[in-house]
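Student: No sequence on hand, only this structure:
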């Protein structure tokens, strides 16, 4: 499960000592490392890497992480959304 990197939305517990922008960049580096490790494992064993992501609307971020890869080498990226029964209701 992966969360898109956005300043103030990812790895916020690292600020301080990092700035919110640096924490988001750190998250992006983690996600790229994980994706590369899954691809390397797939080259040595019959596995396919999967990366489920959120929040909805962040597909472009995850597509960019896979930019420059051969189509056959890309991991499958799945969008995760909560069922309507799990969606918080607005407060009155």
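Tutor: On my side now, so go ahead. Remember, predicted model here, so these are calculated numbers, not experimental data.
Student: after the helix ranked longest in the chain comes which helix or strand?
Tutor: Counting by DSSP state H, the longest helix found in the chain is helix 20-44. The C-terminal neighbour of helix 20-44 among helices and strands, as given by DSSP states H and E, is strand 50-54.
Student: sorry, back to before: and the longest helix of the chain, what's buried?
Tutor: Across helix 20-44, burial judged by 16 or more other CB atoms under 10 Å covers 20, 23-28, 31, 35, 38-39. In this view, the C-beta of every residue, glycine as well, is placed from N, C-alpha and C.
Student: Among the residues you listed, which one lies nearest to residue 49?
Tutor: Checking these against residue 49 with CB to CB, the nearest one is residue 38 at 3.1 Å.
Student: Would you mind confirming that the closest one is in contact with residue 49?
Tutor: Yes: between residue 38 and residue 49 there is a contact under CB atoms under 8 Å: 3.1 Å.
Student: who's residue 51 bridged to?
Tutor: Per DSSP bridges, the residues bridged to residue 51 are residue 77.
Student: now do residue 2
Tutor: Counting by DSSP bridges, residue 2 is bridged to residue 53.
Student: related to what we said a few turns ago, strand 50-54 and the longest helix of the chain, what's the angle between them?
Tutor: Interaxial angle of helix 20-44 relative to strand 50-54 (axes from the mean of the first three to the mean of the last three CA atoms, to 10 degrees): 160 degrees.
Student: What helices and strands are in contact with helix 20-44?
Tutor: Where contact means 3 or more CB pairs under 8 Å, 6 or more residues apart in numbering; DSSP states H and E, helix 20-44 is packed against strand 2-3, strand 50-54, helix 59-65.
Student: ok, 6 Å please
Tutor: helix 59-65 (3 or more CB pairs under 6 Å, 6 or more residues apart in numbering; DSSP states H and E).
Student: Closest one of the buried residues of helix 20-44 to residue 2?
Tutor: The shortest approach to residue 2 among the buried residues of helix 20-44 belongs to residue 31, at 5.6 Å (CB to CB).
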